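Q: I would like the atomic coordinates for the input below:
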Amino acid sequence: MSHIYRLLLLSFIALLTSASSIANQHSPLTADLLKEMEQTSSGELLRINIRLAEQYDPAGFEHIRQLPIEERRQYVVNELKWFSQQSQQSIIAELDQFSRSGEASEVRSLWIANIINLYATPAVIDQLAQNPAIERIDLDEERILIEPVDFVDLADTQEREITYNVSIMNVPEVWDLGFFGEDVVVGVLDTGVNYNHNDLAGNMWTHPDFPNHGWNFVNNNNNPMDFHSHGTHCAGTVAGNGASGSQTGMAPSAKIMALMVLGADGGGTEFGVWSGIQFGVEYGAHILSLSLGWQHAWNPDRASWRNAMDNALAAAPGKASTS
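A: Next comes the predicted model:
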């Protein structure tokens, strides 16, 4: 009988050793990235997202729920910035060395979900994959989220009406109670916003550092002008004030923060959208509007989306949850 026990014990130890070996062989590189690396020359740079294993625990924000909204937002922003700076420090230093040798470029970091984005050679990516502080490395690939549409300018119509979407939601009854969205800033993450449109020009968020009412994360400049139309449509649904004739906005006194995360072709990246979320949180958007999404087949970084949204909600008015 003891012989049988000895065999069982040895088998169990072998099983644990095998499981440990498999765990140690786990690679943070996604299948999509591995496939792309196989087809990439040694000197070519690939755009990647690095998700660090260490992420801020949203439970750390529970004690600030009763603070005034601006104090809470500032606390969340400062805490996440400090946390990411500390955890990313050694990796950023390593990437700076690769940048000097031309093996990496355009290193950018996010604190909203503790992510680093950069261009790197396959050799650098392989080396980063050995770092236990890194949980996932994936292509930051542009995806077409919204198909291009033919632009139709209806700004010159003189017909006064409350559009169907506003009426069906019983919004006029809310207006009768005196609620029009005053002092509410809505960050519209989309193809940008035509901030000169008659129905929106008076409702754009203003900031001395951002003369065009937001930021363009596609071209990394301060002009989030919409050359597609979808973002302007979404902004009009939020705060179109009816100056041109048709009352389209649910909250016609709200302010629109234009966060361009999709180009004129309707394409964008995960990092671009996360950057827009971070901007909205840092500069005081009360609401974020995202009429976009990644297909399951694209294998999006779901954990980073969750982390970004949890951290954004920690800075938002009231209590909220993404569960």
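
Q: can you give me the strands for the stretch 101-250 of the chain?
A: 104-110, 115-120, 134-139, 143-144, 161-162, 185-190, 214-216, 246-247 (DSSP state E, counting those that start in this stretch).

Q: Tell me the strands beside the fifth one, with direction?
A: If I follow you right, that is strand 161-162. strand 246-247 (parallel) (DSSP bridges).

Q: repeat for the fourth one
A: Strand 143-144 pairs in its sheet with strand 267-268 (antiparallel), by DSSP bridges.

Q: go on, the longest one?
A: Strands adjacent to strand 104-110 in the sheet, as given by DSSP bridges, are strand 115-120 (antiparallel).

Q: Centre of the chain to the strand it pairs with, how far?
A: How far strand 115-120 lies from its chain's middle: 15 Å, per Cα atoms, centre = their mean, to the nearest Å.

Q: just stretch 45-54 next, same as before
A: Centre-to-centre, stretch 45-54 and its host chain are 14 Å apart (Cα atoms, centre = their mean).

Q: So what touches it?
A: Stretch 45-54 is contacted by residues 33, 36-37, 40, 87-88, 91, 104-105, 113-122, 125, 128, 132-141, 269-271, 301, 303-304 when judged by Cβ atoms under 8 Å, 6 or more residues apart in numbering. C-beta coordinates here come from the backbone N, C-alpha and C atoms, glycine included.

Q: Could you check how many residues crowd around residue 55?
A: Using other Cβ atoms under 10 Å, residue 55 has 20 neighbouring residues.

Q: quick one: it and residue 135, what's the gap?
A: Between residue 55 and residue 135 the computed distance is 9 Å (Cβ to Cβ, to the nearest Å).

Q: do residue 45 as well
A: Applying Cβ to Cβ, the value for residue 45 to residue 135 is 22 Å.

Q: Okay, now the unreliable bits of this structure?
A: Where the chain drops to pLDDT under 70, the residues are 1-25, 149-160, 318-323.

Q: Could you tell me the angle between the biggest helix by length in it and strand 115-120?
A: Secondary structure of the chain per DSSP state H: the longest helix is helix 69-100. Interaxial angle of helix 69-100 relative to strand 115-120 (axes from the mean of the first three to the mean of the last three Cα atoms, to 10 degrees): 20 degrees.

Q: Show me what helix 69-100 is packed up against.
A: Other elements packing on helix 69-100 under the criterion 3 or more Cβ pairs under 8 Å, 6 or more residues apart in numbering; DSSP states H and E are strand 46-52, strand 104-110, strand 115-120, helix 270-282, helix 302-314.

Q: Return the distance of the fourth one from the chain's centre.
A: Right, helix 270-282. The answer for helix 270-282 is 4 Å, by Cα atoms, centre = their mean.

Q: For the nearest residue to residue 180 once chain neighbours are set aside, list the residues it contacts.
A: For residue 180, ignoring the flanking residues on the chain, the nearest one in space by Cβ to Cβ, 6 or more residues apart in numbering is residue 253 at 3.9 Å. Residue 253 makes contact with 180, 181, 182, 184, 203, 239, 241 under the criterion Cβ under 8 Å, 6+ apart.

Q: repeat that for 6 Å
A: Going by Cβ atoms under 6 Å, 6 or more residues apart in numbering, residue 253 touches 180, 181, 182.

Q: Where does the nearest residue to the second one once chain neighbours are set aside sit: helix, strand or coil?
A: Put plainly, it is residue 181. Among residues not flanking residue 181 along the chain, residue 251 sits closest, at 2.7 Å (Cβ to Cβ, 6+ apart). When classified by DSSP: H, G, I helix; E, B strand; the rest coil, residue 251 comes out as coil.

Q: Next one: residue 251 from residue 171, what distance?
A: Residue 251 sits at a distance of 8 Å from residue 171 (criterion: Cβ to Cβ).

Q: Those two - which one has more neighbours?
A: residue 251 (23 against 20).

Q: Am I right that the more buried one is in contact with residue 237?
A: No - using Cβ atoms under 6 Å, residue 251 makes no contact with residue 237, being 9.7 Å away.
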